[in-house]
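Novice: Okay, sequence plus prediction incoming.
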Amino acid sequence: MVTPSMEPSEILVQLIEPAVKGTLNVLKACSEANVKRVVVVSSGAAVSLNPEWPKGQVKDETCWSDTEYCRRTNNWYCLSKTKAESEAFEYAKRSGLDVVRVCPTHVLGPMLQSTANASSLVLIKLSKEGYDEFENNLRMIVDVRDVAEALLLAYEKPEAEGRYICIAYMIKSQDLVEILRKNYPNYNYPKKFTEGKEEEKLSSEKLQKLGCSYRPIEETLVDSIESCRQAGLLYYMYVGTVGGGTQLASQSACLNLLGVKGASKESPGSNSRLLATIVAGSVLAGELSLMSAIAVG
């Protein structure tokens, strides 16, 4: 993991070199095994960071992030992705290996892992931190399931070639939050949005011509939140009436209030199921008037 205190030489060893060498090792192994086509998953980060690109012009597959600009601005992730894809491109030219590159932007949707990554963390923080102010920047989102479909198209379609930007939606943070608010009205969203700098846009036209289509963004956002809840990354909180007043409490506080023993810190999902059962029983017994249940973390 890259930290602000790391020296450029450390970043080179821990982030840049593994990205480049790892990509080349796989491509060389594919050549030796006589693989016909390789699909490399690059990133929109290898496309978007180019200050020399004409202002106002939508960025397409011909745009590359400027490596020197990445270094000057300490955008090490962008640098690693750009260098790795560039090496894949050059290797394909030298070796004749058919290499197709797909560049997804901000990937959301259901997670396979139980820990937050950089992409899901953005959504988690928007949902629970309650920022006083938040910059209303442009989010370039694609669903992980649509990325998987794009990779299949790039692999299976004979006409697939070169590079493909994979982006489904460009949406402002405030508009994204409004979609979340409609589905989860009690989350702790930013209180105010401030306008930032004007941001340039990317085009996925080439990939769509290949046959790729995208699911609705609301489906992506809702499935992302539900996935985070199931993984325990967004914990449950409950709104109820206790003593004549509305109360908001975390699931652990509710379990303590109800005198429940044996709650699991390691498995918040099991706590949620346990609490849901207890609360349902309490409502039937007239012990608690439950208004609504929410997951905010």
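Specialist: Sure thing, it's come through.

Novice: Which parts of the chain are strands?
Specialist: Under the criterion DSSP state E, strands of the chain are mapped to 37-41, 98-104, 106-108, 134-135, 138-143, 163-166, 169-172, 193-194, 236-242, 245-250, 289-295.

Novice: ok, of the ones you listed, where does mean pLDDT dip lowest?
Specialist: Lowest mean pLDDT of those: strand 289-295, a mean of 31.

Novice: list the contacts for the residue nearest in space to the middle of the chain?
Specialist: In the chain, the centroid-proximal residue (C-alpha atoms, centre = their mean) is residue 119; its distance is 2.6 Å. Remark: with contacts taken as C-beta atoms under 8 Å, 6 or more residues apart in numbering, residue 119 is in contact with 106-108. The way it works is simple: take the backbone N, C-alpha and C, and place the C-beta from them, glycine included.

Novice: From those residues, pick the one nearest residue 163.
Specialist: residue 107 (17.3 Å; C-beta to C-beta).

Novice: so what's that closest one bridging to?
Specialist: Beta-bridge pairing of residue 107 under DSSP bridges involves residue 142.

Novice: which residues touch it?
Specialist: Here residue 107 is in contact with 119, 141-144, 147 (C-beta under 8 Å, 6+ apart).

Novice: Export those residues as CSV, with columns for distance to residue 13.
Specialist: What follows is these, written out as CSV (distance: C-beta to C-beta, whole Å):
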residue, distance to residue 13
119, 25
141, 32
142, 31
143, 34
144, 30
147, 29
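
Novice: any idea which of those residues is closest to residue 96?
Specialist: residue 147 (27.1 Å).

Novice: in stretch 211-229, what's buried?
Specialist: Buried residues in stretch 211-229, counted by 16 or more other C-beta atoms under 10 Å: 212, 214, 217, 220-225, 227-229.

Novice: Could you save the residues you listed as JSON lines and add columns showing distance to residue 198 and pLDDT?
Specialist: Shown next, in JSON lines, are the buried residues of stretch 211-229 (distance: C-beta to C-beta, whole Å; pLDDT from 0 to 100):
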{"residue": "212", "distance to residue 198": "27", "pLDDT": "97"}
{"residue": "214", "distance to residue 198": "24", "pLDDT": "97"}
{"residue": "217", "distance to residue 198": "22", "pLDDT": "97"}
{"residue": "220", "distance to residue 198": "25", "pLDDT": "98"}
{"residue": "221", "distance to residue 198": "24", "pLDDT": "97"}
{"residue": "222", "distance to residue 198": "29", "pLDDT": "97"}
{"residue": "223", "distance to residue 198": "30", "pLDDT": "97"}
{"residue": "224", "distance to residue 198": "27", "pLDDT": "96"}
{"residue": "225", "distance to residue 198": "29", "pLDDT": "95"}
{"residue": "227", "distance to residue 198": "32", "pLDDT": "94"}
{"residue": "228", "distance to residue 198": "31", "pLDDT": "93"}
{"residue": "229", "distance to residue 198": "35", "pLDDT": "92"}
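
Novice: Farthest-apart pair in those residues, please.
Specialist: 212 and 229 (28.7 Å).

Novice: returning to what we had before: tell me which of the contacts of residue 107 is nearest to residue 181?
Specialist: Closest to residue 181 out of these is residue 141 (16.8 Å), distances taken as C-beta to C-beta.

Novice: Roughly how far does that closest one sit from residue 147?
Specialist: Separation of residue 141 from residue 147 (C-beta to C-beta, to the nearest Å): 11 Å.

Novice: Look at the two and report which has more neighbours.
Specialist: Set residue 141 next to residue 147 and count neighbours by other C-beta atoms under 10 Å: residue 141 wins out with 26 against 20.

Novice: Pretty sure the more buried one sits against residue 109.
Specialist: No. In terms of C-beta atoms under 8 Å, residue 141 does not count as a neighbour of residue 109; the distance is 9.3 Å.

Novice: overlap in contacts of those two?
Specialist: Between them, residue 141 and residue 109 share the contacting residues residue 220, judged by C-beta under 8 Å, 6+ apart.
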